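# below is the sequence, then the predicted model.
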Amino acid sequence: DTAVSQTPKYLVTQMGNDKSIKCEQNLGHDTMYWYKQDSKKFLKIMFSYNNKELIINETVPNRFSPKSPDKAHLNLHINSLELGDSAVYFCASRQRIYDSYEQYFGPGTRLTVT
Amino acid sequence: AQSVTQLGSHVSVSEGALVLLRCNYSSSVPPYLFWYVQYPNQGLQLLLKYTSAATLVKGINGFEAEFKKSETSFHLTKPSAHMSDAAEYFCAVSGHTGNQFYFGTGTSLTVIP
């Protein structure tokens, strides 16, 4: 029944490796997001897709590449991982409710780069 | 441009005491405002939101927030803290397109027994 799910929950890898994080939502929402939360809990938006189209592309290294095969999935691929990429990555989807919007977050993926 | 500022990165209250978490916003258009809660090792969960329908907004778990345009504030309150309220709280703002959400830096709430 999980609304927004992410895999894996934990990811430990070495510098220079390439890894992917997957996100799926079963809420029927059209818009999905990737956020990065650093060690100080600061939450920064990275990307947003609406119906498989990229609508927000914040200033992140081009080693990060989102992929949306369909509107229920938004995956994040990271090339050449660096120590500074260690963080918790959250996927979210957005629903329109009357005249406003709400975001629903996944449980997060804790990435540790060693 | 829109942003939110949360005053106090750490707040401690005694169990049963009033909880007050502060959030001030900056927005060139009437904003939508949100409070989210994050329990340890979990994602963010929506507590409540303001969308101009009513200035006093009630949320889950006994929390409420009041939108004050004159003070550009949207402070979160709860009359009586419970141990289970210990968590990280985030204030957020969005415009009416809803594409972009801007989060504050978070306030960590500790409840002392």
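Right, received. Where do you want to start? Numbering: from 1, shown residues only, chains lettered A, B, ... in the order given.
# do a quick rundown of the strands in chain B.
Taking DSSP state E to define them, one finds strands in chain B at B:3-7, B:10-14, B:19-26, B:32-38, B:44-50, B:56-58, B:64-68, B:73-78, B:87-94, B:101-103, B:107-112.
# list the contacts of residue 45.
Looking at chain A here, since you left the chain open. Going by C-beta atoms under 8 Å, 6 or more residues apart in numbering or on different chains, A:Ile45 touches A:Tyr33, A:Trp34, A:Tyr35, A:Ile56, A:Glu58, B:Gln100, B:Phe101. In this view, the C-beta of every residue, glycine as well, is placed from N, C-alpha and C.
# can you look at chain B instead?
Taking C-beta under 8 Å, 6+ apart, one finds A:Phe105, B:Tyr36, B:Val37, B:Gln38, B:Tyr39 in contact with B:Gln45.
# the second one: neighbouring residues, count only.
Per other C-beta atoms under 10 Å in any protein chain shown, the neighbour tally for B:Tyr36 reads 24.
# surely B:Asn99 and A:Ile55 touch.
Yes: between B:Asn99 and A:Ile55 there is a contact under C-beta atoms under 8 Å: 6.1 Å.
# could you tell me which residues touch both of these two?
A:Thr31, A:Ser48.
# got CSV for the strands of chain B, with distance to A:Leu74 and mean pLDDT too?
Converted to CSV, those look like this (distance: least, C-beta to C-beta, whole Å; pLDDT from 0 to 100):
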stretch, distance to A:Leu74, mean pLDDT
strand B:3-7, 25, 92
strand B:10-14, 33, 97
strand B:19-26, 28, 96
strand B:32-38, 20, 94
strand B:44-50, 17, 93
strand B:56-58, 30, 94
strand B:64-68, 30, 95
strand B:73-78, 29, 97
strand B:87-94, 19, 94
strand B:101-103, 16, 89
strand B:107-112, 29, 97
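# any chance of the ones you listed in a markdown table, plus distance to A:Ser93?
Output for the strands of chain B, formatted as a markdown table (distance: least, C-beta to C-beta, whole Å):
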| stretch | distance to A:Ser93 |
| --- | --- |
| strand B:3-7 | 21 |
| strand B:10-14 | 30 |
| strand B:19-26 | 24 |
| strand B:32-38 | 14 |
| strand B:44-50 | 12 |
| strand B:56-58 | 22 |
| strand B:64-68 | 24 |
| strand B:73-78 | 24 |
| strand B:87-94 | 14 |
| strand B:101-103 | 12 |
| strand B:107-112 | 25 |
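# and A:Asp99, which of those strands is closest to it?
Among the strands of chain B, the nearest to A:Asp99 by C-beta to C-beta is strand B:32-38 (8.7 Å).
# CA atoms only: put the closest one into PDB for me.
C-alpha atoms of strand B:32-38 as PDB (Å, rounded to 0.1, in the frame of the first residue of the first chain):
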ATOM      1  CA  TYR B  32       0.600  28.600   0.000                       C
ATOM      2  CA  LEU B  33       2.300  27.500   3.300                       C
ATOM      3  CA  PHE B  34       2.900  24.100   4.700                       C
ATOM      4  CA  TRP B  35       4.200  22.400   7.800                       C
ATOM      5  CA  TYR B  36       5.800  19.000   7.500                       C
ATOM      6  CA  VAL B  37       7.100  16.600  10.200                       C
ATOM      7  CA  GLN B  38       9.900  14.200   9.800                       C
END
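# good, wrapping up.
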